[in-house]
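Novice: Give me the fold of what follows.
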Amino acid sequence: KVGAAKEVSGHCKGLLRGHLKSYFSRVLSPDRAPGMVLFDVARVLVMYDSMLDMAWGVHLLKEAADRKEITIVRTKLRFEEPTAAGWADLMVNVTLPAPNRSSHV
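Specialist: Below you'll find the predicted structure:
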């Protein structure tokens, strides 16, 4: 079946880690707006059974963005150049619209 995935974790960035990242980002990029430093305060990891399933997940994200249910802020494709720890993935940062009376996560 296409789209088989499971959520592995969903946690917030730790307060100390968020503060340090915010501080050092402003030191290294002083012209960056303070609110544009942390992109991943609340996180979720989704693992797919196959690349085809992941492609379907990306398709669903694009559809949600087209419907203005989310805004895709940035992406990082890290399959060709994994992180130093060996992590190879597609990272997508999104924002949710401001809540109204009928919104929920």
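Novice: helices and strands around the helix or strand harbouring R74, which ones?
Specialist: Here R74 sits within strand 71-77, counting by DSSP states H and E. Counting contacts by 3 or more CB pairs under 8 Å, 6 or more residues apart in numbering; DSSP states H and E, strand 71-77 packs against helix 51-66, strand 90-95. Every residue, glycine included, has its C-beta placed from N, CA and C.
Novice: closest to D31 out of these?
Specialist: D31 lies closest, by CB to CB, to one member of the helices and strands packed on strand 71-77: strand 90-95, at 20.4 Å.
Novice: coming back round to it: closest one to K76 among the helices and strands packed on strand 71-77?
Specialist: With distances scored as CB to CB, the stretch of the helices and strands packed on strand 71-77 nearest to K76 is strand 90-95 (4.3 Å).
Novice: For that closest one, which strands pair with it and how are they oriented?
Specialist: strand 71-77 (antiparallel) (DSSP bridges).
Novice: rewinding a little: and the strand holding R74, what's buried?
Specialist: Buried residues in strand 71-77, counted by 16 or more other CB atoms under 10 Å: none are found.
Novice: next one: stretch 56-66
Specialist: Using 16+ other CB under 10 Å as the test for burial, stretch 56-66 gives 56-57, 61.
Novice: Need those in a markdown table (columns: pLDDT and distance to V46).
Specialist: As requested, the buried residues of stretch 56-66 are exported to a markdown table (pLDDT from 0 to 100; distance: CB to CB, whole Å):
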| residue | pLDDT | distance to V46 |
| --- | --- | --- |
| W56 | 91 | 11 |
| G57 | 90 | 7 |
| L61 | 93 | 10 |
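Novice: So which of those is the closest to V73?
Specialist: Of the buried residues of stretch 56-66, the one sitting nearest to V73 (CB to CB) turns out to be L61, at 11.8 Å.
Novice: Do I have it right that the closest one meets M91?
Specialist: No - at 11.9 Å, L61 and M91 do not qualify as touching, with contact defined as CB atoms under 8 Å.
Novice: tell me, how many neighbours does A98 end up with?
Specialist: Using other CB atoms under 10 Å, A98 is surrounded by 6 other residues.
Novice: Sorry, wrong one. I was asking about F79.
Specialist: A count of nearby residues for F79, using other CB under 10 Å, gives 9.
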